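**Student:** Curious how this folds, go ahead:
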Amino acid sequence: MARILVIGGGVAGTAAALGLDKAGHDVAVFEAHPGTAEDIGAFLTLATGGMRALAQIDATDAVTAIGFPLTSLRLLDSAGGEAARAPLAGAGDPALRYRCLRRGELNAALQAEAVRRGVPLRHGARLVSVDQDGDGVTARFSDGTSAAGDLLIGADGLNSAVRRLAVAPAVRPRYAGQRVYYGYTDAAPAPGETGVITMVRGSAAAFGYAVAPAGETYWFARVSGDPRPAGDAPDATPARLRGELLPLLREDATPAGDIVAACGESLMATDATEMPLGTPWRAGRILLLGDAAHAASPATGQGAAMALEDAVVLAKALRDLPDPRTAFTVYERHRRPRAEHNITVSGAISRGTHDPARGAAAAPGAPREDDALNRLLDWETPLADR
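**Tutor:** Residues are numbered from 1 along each chain as shown. Here you go, the predicted structure:
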């Protein structure tokens with residue numbers, strides 16, 4: 001049994017803690033934010049790989065208690081006509097269906113499950129330094145406290161302090177070619193059926209939306225262009241964001257413009273970013289996980305699922321392999337090709353060099369059922385050193 005420090009209590013870190021705890025390790029989570037529901041504004045679609053991973057760490061019920069399922073994808077053309085419709089992967093199994101939910105609610109649900117299982121989780125622990133030697137690793141926090149362990153997992157997101165302090169100090173996320181807008185409205189005219197994610201092929205923006213059972217419409221738009229100028233206000237008002245987005249959406253006869261026009265204050269925007277390919281993931285007793293290692297543009301909608309898959313494979317590696325160095329090596333061997341493929345595909349979609357709908361019968365970027373991935377995630381299947 002190893003003493004493992006997990007830095008970051010978001011999706012990747014808390015799921016990793018659940019998996020490591022199930023594998024028999026002594027694990028503790030340290031989260032910089034003071035509460036559980038940070039980033040409550042954003043929403044995500046949790047793909048089948050992520051739902052399968054949740055099942056391996058016995059967290060399905062905690063997550064299916066929030067959000068709502070998605071079972072099919074439809075594609076609208078620029079005139080608003082339905083160009084295609086297809087089932088999503090996992091549609092036939094309630095435990096594996098895509099799920100649409102707010103990121104902050106997912107964080108809170110996973111954190112509550114970790115606490116229920118007795119995993120220590122400390123909020124307000126902002127990392128300021130990391131030291132390691134042949135005996136272990138020590139994390140120090142801004143309040144003057146510290147924690148010591150055998151291993152440290154950096155699951156602290158896109159702007160990872162662990163990456164900056166201990167693994168790849170020179171590496172920074174880069175702009176992925178699009179501005180992403182997202183929001184919610186319960187006043188959209190004729191919002192449509194539930195259980196469906198609708199993608200709109202617009203002339204000037206990619207748009208997608210899903211309708212919750214209670215009638216609220218969750219939507220996003222991706223607009224290509226230059227990144228925001230340095231120093232531009234990150235907290236642009238909803239009115240300003242609507243003013244930027246609506247003229248682009250009104251170029252087409254689709255529902256997108258009406259949905260955004262009906263959106264009140266629940267409207268936000270951010271630049272899409274990604275980690276460079278080849279970013280180092282480990283240094284001695286320290287390993288990066290999730291977005292800290294391989295953040296991608298949101299165009300494929302796979303970020304949360306990738307983090308959950310990471311968590312299961314890491315837990316299995318540290319359970320099945322003879323020492324941490326071997327475990328980290330084999331973990332990376334299994335995860336890097338899939339994670340970097342996602343960065344590549346998602347970045348190509350964001351930059352307009354890849355059409356996700358061409359020849360696809362699933363959501364943009366969504367993995368089809370993959371026997372090799374399923375075996376890799378299956379908790380009862382040992383992880384081999386190969």
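**Student:** for the lengthiest helix in the chain, what is the average pLDDT?
**Tutor:** Looking across the chain with DSSP state H, the single longest helix is helix 324-350. On average, the pLDDT along helix 324-350 is 96.
**Student:** what do you get for stretch 260-273?
**Tutor:** 92.
**Student:** can you tell me which residue is nearest the centre of this structure?
**Tutor:** What sits nearest the mean C-alpha location of the chain, by CA atoms, centre = their mean, is Ala304, with 2.5 Å.
**Student:** who's in contact with that residue?
**Tutor:** Val11, Leu44, Leu46, Ala47, Gly50, Arg103, Leu106 (CB atoms under 8 Å, 6 or more residues apart in numbering). All C-beta spots, glycine's among them, are computed from the backbone N, C-alpha and C.
**Student:** quick one: contacts for the fifth one?
**Tutor:** With contacts defined as CB under 8 Å, 6+ apart, Gly50 is in contact with Ala304, Ala305, Met306, Ala307, Leu308, Glu309.
**Student:** And the strands in the stretch 51-200 of the chain?
**Tutor:** 68-70, 72-76, 82-87, 98-102, 121-123, 127-132, 137-141, 146-149, 151-154, 174-185, 196-201 (DSSP state E, counting those that start in this stretch).
**Student:** With only the CA atoms kept, save the strand or helix carrying Ala12 in CSV.
**Tutor:** In the assignment (DSSP states H and E), Ala12 maps to helix 11-22. Provided in CSV are the C-alpha atoms of helix 11-22 (Å, rounded to 0.1, in the frame of the first residue of the first chain):
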residue,chain,number,x,y,z
VAL,A,11,-13.2,15.2,-12.1
ALA,A,12,-9.7,13.7,-12.7
GLY,A,13,-8.4,14.0,-9.2
THR,A,14,-11.4,12.8,-7.3
ALA,A,15,-12.0,9.8,-9.7
ALA,A,16,-8.3,8.9,-9.4
ALA,A,17,-8.7,9.0,-5.6
LEU,A,18,-11.8,6.7,-5.8
GLY,A,19,-9.9,4.2,-8.0
LEU,A,20,-6.7,4.3,-5.9
ASP,A,21,-8.7,3.8,-2.8
LYS,A,22,-10.5,0.8,-4.3
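**Student:** The helix or strand just after that helix: partners in the sheet, and parallel or antiparallel?
**Tutor:** Counting by DSSP H and E, the next helix or strand C-terminal to helix 11-22 is strand 26-31. Applying DSSP bridges, strand 26-31 is found paired with strand 3-7 (parallel), strand 121-123 (parallel).
**Student:** Redo the ones you listed as CSV? Include mean pLDDT.
**Tutor:** Converted to CSV, the strands paired with strand 26-31 look like this (pLDDT from 0 to 100):
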stretch, mean pLDDT
strand 3-7, 98
strand 121-123, 96
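**Student:** Much appreciated, bye for now.
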